[in-house]
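Undergrad: Sequence and predicted model, in that order:
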Amino acid sequence: MIATRPGEAFRLAFRDLYANSWRLVPLNALVGAVLVGVGMLAFAVHALLVLVVLAGPLVAALVHAAVTVVDTGNVTLADGIAGLKQHWRRGVALGAAGAAFALLAGLAIRFYSSAHVWPLAFVALYLVVALGIYQLVLWTLAVAHPERSLLGAARDAAELVARRPLATLALGLGLLLVNAAGIAAAVMPFLTLTIVYSFVVAAHFVLPRRPEESF
């Protein structure tokens, strides 16, 4: 398998999003609205962070759509519904892991920054970014290979990150900039474009190329 470089993954994802935007944007907007709503509630009442788990199946459906468009070059709204039916259990499990990760990351950064232990705060921030990239790879592999256990997908994700550390870091930082720009510009780009674009980029980076893209 020829590995897709980060820059190429961004380019191919832009092409796929352009060709399928009218199909992907509604599903992405729904997921984005749920995530923003849940995030606001969780920020106001930390106990409601458990609601992030409920957003997991919708995220899994969006990842399924991203994997489908990378595998076939085309996607329909029915693919998103099929992904929700097929992967909702994995979405709950991965959502729970993501919620726990977000909670621990937030507590670690807040603790070290409030204690003015800036070196450890930066280390915590670095680990948050690294584990966030790992989560993106894990979601993609877990949805793309439903026949494998989540533990197997976690091992595969760790192996991929370890095998391509610099490329994976470049991919994650690029996606961080894309989403930060979307949020800074307005909420709507974040709701309608940047989330699904991130998953399509990740799918191109993680999954084998289609035969016509191997040349």
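TA: Received, thanks. Numbering: from 1, shown residues only.
Undergrad: show me what contacts the most centrally placed residue in the chain?
TA: With distances taken as CA atoms, centre = their mean, the residue of the chain nearest its centroid is residue 136 (4.0 Å). Counting by CB atoms under 8 Å, 6 or more residues apart in numbering, residue 136 touches 172, 175, 198-199, 202. Every C-beta, even on glycine, is put in place using the N, C-alpha and C of the backbone.
Undergrad: one more time with 7 Å, if that's ok
TA: residue 202 (CB atoms under 7 Å, 6 or more residues apart in numbering).
Undergrad: Can you pull the phi and psi angles for it?
TA: phi -60, psi -40 (degrees, to the nearest 10).
Undergrad: how near is it to residue 95?
TA: Residue 136 is 14 Å from residue 95, where distance means CB to CB, to the nearest Å.
Undergrad: in the chain, which spans are helices?
TA: 6-44, 51-72, 77-114, 118-144, 150-163, 165-185, 187-189, 195-206 (DSSP state H).
Undergrad: Give me whichever of those helices is most buried.
TA: Highest mean neighbour count of the helices of the chain: helix 195-206, a mean of 27 (counted as mean count of other CB atoms under 10 Å).
Undergrad: Now do residue 8, the pLDDT please.
TA: Residue 8 carries a pLDDT value of 93.
Undergrad: circling back to that earlier point, can you tell me which of the helices of the chain the model trusts least?
TA: Among these, helix 187-189 scores lowest, at a mean of 61.
Undergrad: From residue 98, how far out is residue 138?
TA: Distance of residue 138 to residue 98, computed by CB to CB: 9 Å.
Undergrad: Repeat that for residue 85.
TA: Taken as CB to CB, the span from residue 85 to residue 98 is 21 Å.
Undergrad: got a list of what the closest residue to residue 179 other than its chain neighbours touches?
TA: Leaving out its chain neighbours, the residue that sits closest to residue 179 by CB to CB, 6 or more residues apart in numbering is residue 194, at 4.8 Å. Neighbouring residues of residue 194 by CB under 7 Å, 6+ apart: 178-179, 182.
Undergrad: can you put the residues you listed in TSV and add distance to residue 71?
TA: Formatted as TSV, the contacts of residue 194 follow (distance: CB to CB, whole Å):
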residue	distance to residue 71
178	22
179	24
182	25
